[in-house]
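Participant: Okay, structure incoming, though there's no sequence with it:
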């Protein structure tokens, strides 16, 4: 690149040399296109070569080094941007995986809660059924006890009535056999009445 640039500058100086020579010729009073001055051309070429050597030695090296440094900086920036893009992509994938895992865990927690609620509901229903059966048994036991008590009270009342009837019969001077038969018939009638009420 530096060689190409130096050749371009040399060509530019060579192209400008006739104009410089013509200026010198006109100053001398002649036509520069017809009578060029070789000395002026020579010193112009020598000056240009010295200038070209100085530029190549002191200016082009730092310029090319700066261009190479700039190129390396751009390459490193591109590489860093590519790495950062890959890291961002990996972070996006990681966040997506974490989001999917959170969704799965939430769905599992909801399902576990639903199963717990169903199990608790079944336990409550079973406990309610047991309590209902227990209350029914207690009510049945109480009804049976009340019925036994009522029968006992009825028998007691029947016995009292029988004794009263017997007392009245005794007052009429009935014999023992007749009194016994009357009492037994009366108790049998009361038992039939009690059993009929129980059947109803």
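Facilitator: In hand now; what should we look at? These numbers come from a predicted model, not from an experiment.

Participant: element containing residue 143, please.
Facilitator: Using DSSP states H and E, residue 143 sits within helix 61-171.

Participant: which helices and strands does that helix pack with?
Facilitator: Of the remaining helices and strands, those touching helix 61-171 by 3 or more C-beta pairs under 8 Å, 6 or more residues apart in numbering; DSSP states H and E are helix 176-199. The way it works is simple: take the backbone N, C-alpha and C, and place the C-beta from them, glycine included.

Participant: show me where pLDDT drops low in this structure?
Facilitator: Counting by pLDDT under 70, the chain has low-confidence residues at 1-36, 162, 165-176, 179, 193-200.

Participant: domains of it?
Facilitator: Using automatic domain parsing, the domain ranges for the chain come out as 2-94, 140-199.

Participant: List the buried residues in stretch 44-54.
Facilitator: Residues of stretch 44-54 classed as buried: 44, 48, 52 (neighbour count, 16 or more other C-beta atoms under 10 Å).

Participant: Of those, just say which sits nearest to residue 88.
Facilitator: Nearest to residue 88 among these, counting by C-beta to C-beta, is residue 52 at 50.3 Å.

Participant: Give me the distance between the helix or strand hosting that closest one and the centre of its chain.
Facilitator: Element membership for residue 52 (DSSP H and E) is helix 38-54. Relative to its parent chain, helix 38-54 has a centroid offset of 80 Å by C-alpha atoms, centre = their mean, to the nearest Å.

Participant: now swap in stretch 141-151 and tell me
Facilitator: The chain centre lies 64 Å from the centre of stretch 141-151; the measure is C-alpha atoms, centre = their mean.

Participant: Number the chain from 18, please
Facilitator: Okay, using 18 as the starting number, the last item reads as stretch 158-168.
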